[in-house]
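Asks: Requesting a structural model of the entry that follows:
(2 chains)
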Amino acid sequence: MSSQIPATEDIQIILAEHLHLEGPLLPILHALQEAFGHVPRAAHPLITDALNISRAELHGVISFYHDFRDKPAGRHVLKICRAEACQSMGSTALAEATLAKLGVTWHGTTPNGAVTVEPVYCLGLCACAPAAMLDDRVLGRVDEERMGKLLAEAGA
Amino acid sequence: MKIFVPMDSAAKALGAEEVVAALRAAAPEAQIIRTGTRGMIWLEPLVEVEIDGVRHGYGPANAEDVADILNGTSPKALGPVEALDWMARQTRLTFARVGVIDPLDLADYEAHGGLVGLRRALEMAPAEIVAEVTTSGLRGRGGAGFPTGIKWKTVQEAEASQKYIVCNADEGDSGTFADRMIMEGDPFTLIEGMVIAGLAVGATRGYVYLRSEYPDAIAVMRRAVAIARRAGVLGSDVLGSGRAFEMEIRVGAGAYVCGEETSLLNSLEGKRGVVRAKPPLPALEGFLGRPTVVNNVISLATVPVIFEKGAQHYADFGLGRSRGTVTLQIAGNVARGGLFETAFGITLGEVVHDLAGGTATGHPVKAVQVGGPLGAYIPVSGFDAPLGYEELDAHGGLLGHAGLVVFDENADMLSMARFAMEFCAVESCGKCTPCRIGAVRGVETIDRIRQGDGEAVPLLRDLCVTMKDGSLCALGGLTPLPVESVLDHFADEFLPRREAAE
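Replies: Residues are numbered from 1 along each chain as shown, chains lettered A, B, ... in the order given. Reported below is the predicted structural model:
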């Protein structure tokens, strides 16, 4: 994932791969974020031109969904489940301790850029709560000790 | 030597990959087959070793247990897996293959009854297919419980050049993981169900709208669709019948409200996931304004077994108007959590005390939230309620997607009520004022109650009525359910005695 300004050609290639789809906007936004770590500003006029939608419509869609970022996250993204099943097993205390240890609030990134912490509402791991996800790696029955090891691995 | 280890994300979350690595190192000659999970999550990672054609379980296993498992001296031996009480007591229809087969082996799928239903449906007229589903009594497993056959009939009778099958795999409710489990453990059954739905209503295209929080399910489904396409289960000539059906996996983007069908359709079209007013029904004007079947994963994944075994076989299970089986997802603070498929009618108490074995922490149970974040908190006094759509309704509850989250006596119920409102405020699509603004006011009003202001209670109740009456969809309309259930059953926790009695 690069934080440099992406090249127009690279964005155009991604757009071209998706234009044949019915309802191509979400797949395009996901593909851009996959490639660049966020949905780059530079892509906005190219998307609105390709799909014949207004800037307002595009902004409306990007800002509606929790997943899309307008700037890159840290090198790793840690998602901690805040939903009910995890709460029943102490996720609130786990999340508070983790945020305090890293000195960040929700959606914040550690000063060294290693980890961004985000809330998530259910990972479908409700029978092995509390759950978390480090990048795409799922984690169940997370306690403070295990969380500490994970954060150390991630360089936080 | 054949060894089975789940690749389900719950098993992975508990260390299945480390166990597999240890098995590969210790027994390089063994054939390791990855499966879905049996649903006994407290035993995950559950390693199964085939001995004389019978699969013996060992769990919960970790890398250090591998040597003993291989030489047959492991203290974690559970005996034949099928004979375990949890397995033997179930009626596995929808989940018959989950945990048994390699999810991405189409031959294994066929060897366990896969594609029998589709082959039968290919011999039937569309109206006969719809009638079979109607006879089975299948109702939408996503929460609302609408009869699937009636929905299909509406789409079948609609005239259009293009119709669609859309699978709602935006399983965002806490305490539910049945959709995830079947997509990771038996993806071909969902594909087969969607093809049958397409044949029934005359739709040649399908989409699975799958939440982004499930990266493993997305990967498995995408691979399964590619395999099914290569094998001719999907494409322009389904199993040589001359009929066409093509499908695609689409990934959501973290909006809970997109589990609501009209908001899902907007999202699939590339718009904000804002709820649409009904009518028009999606069955008539759905994806891109065309007739669309929107069904939940479990509803569609149940279709193949109905066609394989016959509608009557399915309808013979259940109680009252809740026919067939329900896939209970037992979660939260429980000793034994997981998925348990059984005929409708089991009581809440049986599930919590008997199946789940009480709480994980060992403290007494205080409440169970049934049906996700929009479901009521049912106190222990309501545990005689049988689990069926109408039956739970009578207890002020909601079966929803049949997820049950158990809380022990340490749960702070007013905090749970506050969380319901907070969640609604975060996830509201913004279309209806009572939901968008009401949820924020709800959080503030609950904070007043927390500070001892008993006069805020009637205000909160009034707000709940407004949200219920004035919201288009279930998010604003049902968020009051958990809040009111807390006021009804647990008020003495946070109010002075006199006010609690009101």
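Asks: And for residue 23, the neighbour number?
Replies: Using chain A here. 18 (other Cβ atoms under 10 Å in any protein chain shown). All C-beta spots, glycine's among them, are computed from the backbone N, C-alpha and C.
Asks: ah, no, chain B please
Replies: The burial count for B:L23: 21, using other Cβ under 10 Å.
Asks: And for A:A35?
Replies: A:A35 has 18 neighbours, counted by other Cβ under 10 Å.
Asks: Just confirm it is within a helix.
Replies: Yes: checked against DSSP: H, G, I helix; E, B strand; the rest coil, A:A35 lies within a helix.
Asks: ok, now how distant is A:W106 from chain B?
Replies: 11 Å (Cβ to the nearest Cβ, to the nearest Å).
Asks: Give the helix, strand or coil label for that residue.
Replies: Going by three-state DSSP: A:W106 is coil.
Asks: Just say helix, strand or coil for the nearest residue to it once chain neighbours are set aside.
Replies: Spatial nearest neighbour of A:W106, excluding adjacent residues (Cβ to Cβ, 6 or more residues apart in numbering or on different chains): A:P119 at 5.4 Å. Using three-state DSSP, the structure places A:P119 in strand.
Asks: Might one say that A:P119 is in contact with A:A83?
Replies: No: A:P119 is not in contact with A:A83 according to Cβ atoms under 8 Å; the separation is 9.2 Å.
Asks: Settle it for me: which of the two has more neighbours?
Replies: Between A:P119 and A:A83, counting by other Cβ under 10 Å, A:A83 is the more crowded of the two (29 against 15).
Asks: B:P434 - nearest residue in space that isn't next to it in sequence?
Replies: Closest residue to B:P434 apart from its sequence neighbours, by Cβ to Cβ, 6+ apart: B:G470 at 3.8 Å.
Asks: Please spell out the segments of chain A that come in under the pLDDT threshold.
Replies: Judged against pLDDT under 70, the low-scoring parts of chain A cover residues A:1-4.
Asks: how much space between the residue nearest in space to the middle of it and B:D105?
Replies: Centroid-nearest residue in chain A: A:D67, 5.2 Å away (criterion: Cα atoms, centre = their mean). To B:D105, A:D67 is 32 Å away according to Cβ to Cβ, to the nearest Å.
Asks: OK, contacts around the residue nearest to A:W106?
Replies: By Cβ atoms under 8 Å, 6 or more residues apart in numbering or on different chains, the residues touching A:P119 are A:79-82, A:95, A:106.
Asks: Neighbour-wise, give me the winner out of the residues you listed.
Replies: Counting neighbours by other Cβ under 10 Å, A:C81 comes out on top of the contacts of A:P119 with 29 neighbours.
Asks: Any idea what that one is bridged to?
Replies: A:V120 (DSSP bridges).
Asks: Relative to B:A30, how far out is it?
Replies: 35 Å.
Asks: Likewise for B:I191?
Replies: For B:I191, the distance to B:A30 - Cβ to Cβ - is 30 Å.
Asks: Around B:L328, count how many other residues there are.
Replies: For B:L328, using other Cβ under 10 Å, the count is 25.
Asks: For it, grab phi and psi.
Replies: The phi/psi pair for B:L328 (degrees, to the nearest 10) reads phi -70, psi 140.
Asks: hmm, back to that, dump the residue contacts of the residue nearest to B:P434.
Replies: Neighbouring residues of B:G470 by Cβ under 8 Å, 6+ apart: B:432-435, B:438, B:476.
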